[in-house]
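J.: Could you work out the structure for the sequence below:
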Amino acid sequence: MMAVAVLTIDGPSGAGKGTVSRLAAKRLGWHYLDSGSIYRSLALAVSKQGIDLADEAAIVRAAEAMRLEFECGEELTVRLNGQDVTAEIPLESTGNRASTVAAIPEVRRVLLQKQRDFKQSPGLVADGRDMGTVVFPEAPFKVFLTASASERAMRRYKQLKEKGIDANLARITNEIEERDRRDRERATAPLAMASDALFLDSSDMTIDSVVEEILNLVRKG
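T.: Numbers count the residues shown, from 1 in each chain. I've put the predicted structure just below:
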């Protein structure tokens, strides 16, 4: 049986992983996994159920019970326990809670298999923070995509404003820098570049040029 190819795209929040990964998956005709939406959905489930972020056991139970559906069209549609939560996924408050629940080792264990189940023929593009180091360490194609904190903050600010969501650039910059620190320093699956990953800084690159660099990596085999 032919092995299912996996392309992992890791990097910090706001680096453009989602947009680039969806475009790459569409060009390749592969499946798509947005691991960040899995953790953000759990953060929403925790919030909607009124679970205290200090109650790790309750958060783990919520992770085990969570029903999640992705629909990848022009934009990613996320359904949590049957409810469309797409509009809530990109909120900074959701991202901050997601970073907190993602630091819980048992939560990561519960959600690990759910992520690996996305690996199906003809291939998978998986984006996140530990796709190439923890979830799919055997993946033949790995990319670490980043950009400066100020550039990532500006991108997120524009994204939120375009959706009619009130946003403050200085606060977003501070939150991104704090989240980067938490993600790098957490004991379980910290944000790190796989030793065999292609490093791409997208600060001064167009989306199309980033996608082309990634597709070239896959084409070279």
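
J.: Please count neighbours and contacts with C-alpha atoms only from this point.
T.: Fine.

J.: OK, contacts around Val125?
T.: Val6, Leu7, Thr8, Ile9, Ser21, Arg22, Ala24, Ala25, Trp30, His31, Tyr32, Leu33 (CA atoms under 8 Å, 6 or more residues apart in numbering).

J.: now the residue lying closest to Ala153 once chain neighbours are set aside: how far from Lys163?
T.: Nearest non-adjacent residue to Ala153, counting by CA to CA, 6 or more residues apart in numbering: Thr173, 5.0 Å away. Plainly put, Thr173 is 19 Å away from Lys163 if you go by CA to CA, to the nearest Å.

J.: who has more neighbours, these two?
T.: A count of neighbours by other CA atoms under 10 Å puts Thr173 above the other of Thr173 and Lys163, at 19 against 9.

J.: so where's the longest helix in the chain?
T.: helix 169-185 (DSSP state H).

J.: so what does that helix touch, helix or strand wise?
T.: helix 92-101, helix 149-162 (3 or more CA pairs under 8 Å, 6 or more residues apart in numbering; DSSP states H and E).

J.: Go ahead and confirm Lys142 touches Met193.
T.: No. Counting by CA atoms under 8 Å, Met193 is not a contact partner of Lys142; they are 9.2 Å apart.

J.: Identify the contacts common to the two.
T.: In contact with both Lys142 and Met193: Asp10, Gly132, using CA under 8 Å, 6+ apart.

J.: who has more neighbours, these two?
T.: Lys142 (30 against 21).

J.: next one: phi and psi at that one?
T.: phi -130, psi 140 (degrees, to the nearest 10).

J.: got it, and Asn216?
T.: The phi/psi pair for Asn216 (degrees, to the nearest 10) is phi -60, psi -40.

J.: quick one, what contacts it?
T.: Neighbouring residues of Asn216 by CA under 8 Å, 6+ apart: there are none.

J.: ok, now Ile176?
T.: Ser13, Ala149, Arg152, Ala153.

J.: Lowest mean pLDDT among the helices and strands of this protein, which one is it?
T.: Least confident helix or strand, the chain: strand 68-72 with a mean of 79, by mean pLDDT, DSSP states H and E.

J.: which residues sit against that one?
T.: Arg22, Tyr32, Ile38, Ser41, Leu76, Thr77, Val78, Arg79, Leu80, Asn81, Gly82.

J.: Tabulate those residues in a markdown table, adding columns for neighbour count, secondary structure and pLDDT.
T.: Output for these, formatted as a markdown table (neighbours: other CA atoms under 10 Å; DSSP: H, G, I helix; E, B strand; the rest coil; pLDDT from 0 to 100):
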| residue | neighbour count | secondary structure | pLDDT |
| --- | --- | --- | --- |
| Arg22 | 25 | helix | 90 |
| Tyr32 | 27 | strand | 90 |
| Ile38 | 25 | helix | 92 |
| Ser41 | 28 | helix | 95 |
| Leu76 | 16 | strand | 81 |
| Thr77 | 16 | strand | 88 |
| Val78 | 23 | strand | 91 |
| Arg79 | 16 | strand | 91 |
| Leu80 | 18 | strand | 94 |
| Asn81 | 14 | coil | 92 |
| Gly82 | 10 | coil | 92 |
